[in-house]
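Undergrad: the following block contains a protein sequence and its predicted model.
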Amino acid sequence: MHKQNPFLYGCIVSEEHFCPRKRLEKRLAALVRSGQNVAVTGPRRVGKSSLIHRVAGEVRGSTLIYVDLWGIRTMSDLVRRCVQALDVIEDKAGLLQRIARALPGLTVTMGLDPVTGSPTMTPTLSARRKTAPESVAQIARLWQSLHNDSRKLIIAIDEFQDLMAMEEADQVLGLLRKEIQLLGKIPFCFCGSVRNDMWKLFADDRGAFYKSAAMLDVTDDDFDDWHGFLRGHFKASAMKITDETLGEIIRLADGNPGDTQQLCAAVWDGAKSRATRTVCSEHVRDALLQVFADERKGYEQIVGDITGQQLAVLRAIAQLDGRSIQSAEFLAVADIAHASSSKAAATRLVNRRILQETPVGLKFSNPFFRAWLLHVGY
């Protein structure tokens, strides 16, 4: 019986917390083992990173270098994050020597993680000069020096599309593609949550990485048995949950795996505190209110930072949907006179990642924010 909450979210999961995706696992493993680069796309919190870690862990003799580029803006940021991702290399003395040779303008200090107690690296670049895009070649040489018969690297670059917002983005992307092509023995997983940007990079013939990687799309319906996985976690805690109640949780989370687990965790906590054995809609309602309480300041910050017209568009999408934001019905609900104004406001919300583009229209990046807007009557 689970004595601790069995639902994990907001982190990379493994073992019993990972719901199998055999088709995707098999496909990704085959590509990685053959040395093929892969562009892994899918919305936020759908489980892309966990999938990559799962597959990398099953490739014998491999070491996963996981670089997170979320919100990156400068070349200095790129160098620092690439170096920090090398913390997984056990031979720290040898690693520091390689870093010093490949990146002479970088100073690395060693410390201890205050939570895990494990060694950590803090890279610092000289403030005297701007880091040039050509540093991409130095990073590539560093990767190459670490890849050998006893340590086969798999390099995963998460939120890869954020490179498009960097200073000198075109030059950086061009150089990075050139260098990666020279590292043919190292498979790269380019991971991205903004599908349109990833397609521009990898599927548009004007994109910097056009046809340089196999495309793998991760969706929220490609689990082997998602409902059974969630139900099993409740059952392991001696709790029963009906298909109807479980469906309600998934609907409120808009089907997103990470958000579903977050709401399940809140439901589990509430049911556990009441020593109940049967989870019902009342527990789901109370759990959603708890999520609102936990995230309220963030929601209010978003509302305070956007324009009145952008808020009107959010309100209309929450009430209707994001398929036809230029329709007469949508404009009437939003109280916006011109379709062009509605589209411009929605574009700015997408750029800020409050909304995300999907094949079925615009959706809230955080479904609980949508529910909160409706709850408080915005």
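TA: Right, received. Where do you want to start?
Undergrad: where do the domain boundaries of the protein fall?
TA: Domain assignment for the chain by automatic domain parsing gives 21-217, 226-376.
Undergrad: residue 12 is nearest to which of these?
TA: Closest of the domains of the chain to residue 12 is domain 21-217, at 5.1 Å (criterion: CB to CB). C-betas here are computed from N, CA, C, even on glycine.
Undergrad: for the closest one, how far is the first residue from the last?
TA: 12 Å (CA to CA, to the nearest Å).
Undergrad: what pLDDT, on average, does it get?
TA: Throughout domain 21-217, pLDDT has a mean value of 92.
Undergrad: go on, stretch 352-360?
TA: 91.
Undergrad: kindly export it (C-alpha atoms) in CSV.
TA: Output of stretch 352-360 as CSV, limited to C-alpha atoms (Å, rounded to 0.1, in the frame of the first residue of the first chain):
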residue,chain,number,x,y,z
ARG,A,352,4.1,34.4,-23.9
ARG,A,353,3.1,30.7,-23.7
ILE,A,354,-0.1,31.4,-21.9
LEU,A,355,-1.8,29.8,-24.9
GLN,A,356,-0.4,27.1,-27.2
GLU,A,357,-1.3,26.2,-30.8
THR,A,358,-2.6,22.7,-31.3
PRO,A,359,-4.0,20.9,-34.3
VAL,A,360,-7.5,21.6,-33.0
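Undergrad: how about the strands in this protein?
TA: Along the chain, counting by DSSP state E, strands occupy 38-41, 62-68, 106-112, 119-125, 152-158, 188-192, 214-217, 240-241, 278-279, 355-358, 361-364.
Undergrad: return the most buried member of the ones you listed.
TA: Mean neighbour count (mean count of other CB atoms under 10 Å) peaks for strand 188-192 among these, with a mean of 26.
Undergrad: can you add distance to residue 4 and give the domains of the chain back as TSV?
TA: TSV is the format used below for those (distance: least, CB to CB, whole Å):
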stretch	distance to residue 4
domain 21-217	18
domain 226-376	9
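Undergrad: hang on, the earlier thing: could the strands of the chain go into TSV alongside distance to residue 54?
TA: Below are the strands of the chain laid out as TSV (distance: least, CB to CB, whole Å):
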stretch	distance to residue 54
strand 38-41	12
strand 62-68	10
strand 106-112	28
strand 119-125	24
strand 152-158	12
strand 188-192	12
strand 214-217	13
strand 240-241	26
strand 278-279	28
strand 355-358	24
strand 361-364	26
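Undergrad: closest to residue 297 out of those strands?
TA: Per CB to CB, nearest to residue 297 of those: strand 361-364, 17.6 Å.
Undergrad: helices or strands up against the closest one?
TA: Judged by 3 or more CB pairs under 8 Å, 6 or more residues apart in numbering; DSSP states H and E, strand 361-364 is in contact with helix 308-319, strand 355-358.
Undergrad: alpha carbons only: can I get it in CSV?
TA: Below are the C-alpha coordinates for strand 361-364, written out as CSV (Å, rounded to 0.1, in the frame of the first residue of the first chain):
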residue,chain,number,x,y,z
GLY,A,361,-6.9,25.3,-32.2
LEU,A,362,-5.6,27.4,-29.4
LYS,A,363,-5.6,25.9,-25.9
PHE,A,364,-4.5,27.1,-22.5
